[in-house]
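> Sequence and predicted model, in that order:
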Amino acid sequence: MQYREDKISGNKLSALGLGCMRFPMDKSETERMVLAAIEGGVNFFDTAYIYPNSEKTLGNILAKHDKRKDIFLATKLPFSKCKSSADFDRIFDEQLRRLQTDYIDYYFLHNITGTTQWKKYKELGIEEWITKKKASGEIKQIGFSFHGPSDEFLTIIADYPWEFCMIQYNYSDVNYQAGVRGLKAAAEKGIPVKIMEPLLGGRLATGLPKQAVRLFAEHSKDRSPAEWALRWLWNQEEVTVVLSGMNSTQIMNSNLQSVNRFTAPLTKEELAVYDEVVAELKKAYKINCTGCNYCLPCPKGINIPSCFAAYNNSYSQNYATGIMLYATSTAVAATSPRICTACGICEPACPQNLKIRKDLKAVAKRLEPLPLRAGFAVARKVMGRK
């Protein structure tokens with residue numbers, strides 16, 4: 001394992017971290033994956049209060065195998081759940097119980113989308129609360145995860161003595177959200193930067209256009225598209241930890257191999273390949289959904305991320321593939337975007353700031369044209385669905 005120094009705390013953090021949002025459904029497989037990560041040298045584990053059953057599952061595994069002190073544990077305070085200062089303690093105390101620990105190494109203010117949220121946090125007394133928790137030793141390092149424009153990111157990092165931050169960043173769009181500008185600004189202040197969505201919800205691993213896959217393979221047949229994406233991040237000294245939301249031991253072992261054989265810097269020829277791949281991506285993807293599921297549940301039961309994945313695949317792969325994915329995950333399941341009432345509940349929750357209601361209409365128009373509706377209706381009837 002390669003390690004990078006958190007220059008504020010002095011901690012040596014694994015270049016590959018385990019994002020715990022997408023744990024396998026199989027609890028035994030989750031346990032194997034977590035233990036394989038620790039055995040492989042991964043020491044940064046990132047979970048959150050709102051990740052379904054994630055904190056409790058991770059806490060059980062760490063306690064069962066006495067591994068809590070072998071790792072740096074990160075979790076997050078959800079802004080949407082905090083209506084008063086009393087909620088800070090209520091949520092934090094529950095997190096300690098779930099994780100079976102009496103301290104958190106890296107505590108995030110979760111999913112900050114701009115200065116308005118940060119101002120509200122301050123009005124609720126978050127600064128005083130952080131000071132209290134750090135003095136008691138219950139929080140070792142304080143930071144925030146960010147989903148908003150770069151100008152507001154720069155304002156926020158200048159407004160408080162943050163000890164780390166997390167941004168969405170990958171080779172597909174270096175100017176998205178905080179982007180490369182935010183990465184370098186944080187690093188210049190000595191703030192360690194954790195990276196989320198390095199594979200864009202898996203799209204840069206298994207959802208690339210065929211021509212993009214060929215471009216990578218032509219340069220190196222030994223590297224998967226996922227390894228290419230991770231290498232691009234590890235190549236940047238401003239990046240401290242790259243978090244991958246792995247969901248199997250097999251993927252964990254593959255990523256461990258990737259980090260262990262990475263050497264910097266990338267060559268000019270390698271960097272040129274990324275430029276070619278990005279050009280192919282821009283031709284193919286229409287909706288920048290990462291499959292984080294923050295938009296769910298939909299009051300009408302629409303699987304919004306699945307709709308968008310099918311729509312993107314209808315361009316990046318082929319129309320037939322998109323229709324197949326759409327039919328199996330949405331239309332035949334009676335959760336077509338055509339039943340959207342445009343209530344708008346989903347949009348404020350989207351870290352990508354997607355115009356979800358508008359995009360769902362585009363999905364329905366492309367993937368559920370009138371000739372196919374009758375076929376979907378028959379399939380629903382056969383399967384006993386309305």
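Sure thing, it's come through. Residues are numbered from 1 along each chain as shown.

> confidence score at Tyr285?
With respect to pLDDT, Tyr285 has a value of 77.

> Is it correct that it is in contact with Tyr315?
Yes - Tyr285 is within contact range of Tyr315, at 6.9 Å (criterion: C-beta atoms under 8 Å). For glycine as for every other residue, the C-beta is placed from the backbone atoms N, C-alpha and C.

> For the two, indicate the residue with more neighbours.
Shown here are Tyr285 and Tyr315; by other C-beta atoms under 10 Å, Tyr285 has more neighbours (22 against 17).

> which residues touch the residue nearest to the more buried one when sequence neighbours are not counted?
Counting by C-beta to C-beta, 6 or more residues apart in numbering, the nearest residue to Tyr285 once its immediate chain neighbours are dropped is Asn312, at 5.1 Å. Residues in contact with Asn312, defined by C-beta atoms under 8 Å, 6 or more residues apart in numbering, are 203, 207, 284-287, 289, 322.

> Tell me the one among the residues you listed nearest to Trp234.
Arg203 (19.2 Å; C-beta to C-beta).

> From Ser220, how far out is the closest one?
Relative to Ser220, Arg203 is positioned 20 Å away (C-beta to C-beta, to the nearest Å).

> Ala74 now?
In terms of C-beta to C-beta, Ala74 sits 32 Å off from Ser220.

> With Lys133 instead?
Counting by C-beta to C-beta - Lys133 and Ser220 are separated by 46 Å.

> And Asp275, by the same measure?
Distance from Asp275 to Ser220, by C-beta to C-beta: 16 Å.

> mind listing the helices for the stretch 251-386 of the chain?
Assigned by DSSP state H, counting those that start in this stretch, the helices in the stretch 251-386 of the chain fall at 268-284, 304-316, 319-326, 356-367, 370-382.

> Pro24 is nearest to which of the ones you listed?
helix 304-316 (17.7 Å).

> Just the angle for the closest one relative to helix 319-326, thanks.
170 degrees (axes from the mean of the first three to the mean of the last three C-alpha atoms, to 10 degrees).

> Hey, what's the angle from helix 304-316 to helix 268-284? Just curious.
110 degrees.

> Only alpha carbons, please: show helix 304-316 as CSV.
C-alpha atoms of helix 304-316 as CSV (Å, rounded to 0.1, in the frame of the first residue of the first chain):
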residue,chain,number,x,y,z
ILE,A,304,-34.4,7.7,-11.0
PRO,A,305,-30.8,6.6,-11.2
SER,A,306,-31.8,3.5,-13.2
CYS,A,307,-33.7,5.6,-15.6
PHE,A,308,-30.7,7.8,-16.2
ALA,A,309,-28.3,4.9,-16.4
ALA,A,310,-30.4,3.3,-19.1
TYR,A,311,-30.7,6.6,-21.0
ASN,A,312,-26.9,7.1,-20.9
ASN,A,313,-26.2,3.5,-22.0
SER,A,314,-28.6,4.0,-25.0
TYR,A,315,-26.0,6.5,-26.2
SER,A,316,-22.7,5.2,-24.9
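
> could I get stretch 72-81 in CSV with only the CA atoms?
Extracted in CSV, the C-alpha atoms of stretch 72-81 (Å, rounded to 0.1, in the frame of the first residue of the first chain):
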residue,chain,number,x,y,z
PHE,A,72,-8.9,6.0,10.5
LEU,A,73,-12.7,6.1,10.7
ALA,A,74,-14.7,8.9,8.9
THR,A,75,-18.4,9.6,9.0
LYS,A,76,-20.7,12.5,8.4
LEU,A,77,-23.2,14.9,9.9
PRO,A,78,-26.2,15.3,7.5
PHE,A,79,-27.3,18.9,7.1
SER,A,80,-30.8,17.9,6.1
LYS,A,81,-31.3,16.2,9.5
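
> roughly how far is it from the heart of the chain?
Here the centre of stretch 72-81 is set off from its chain's centre by 14 Å, with C-alpha atoms, centre = their mean, to the nearest Å.

> domains for the protein, by residue range?
With domains defined by automatic domain parsing, the chain comprises 3-282, 304-382.

> tell me the mean pLDDT for the last one?
The average of the pLDDT scores along domain 304-382 is 79.
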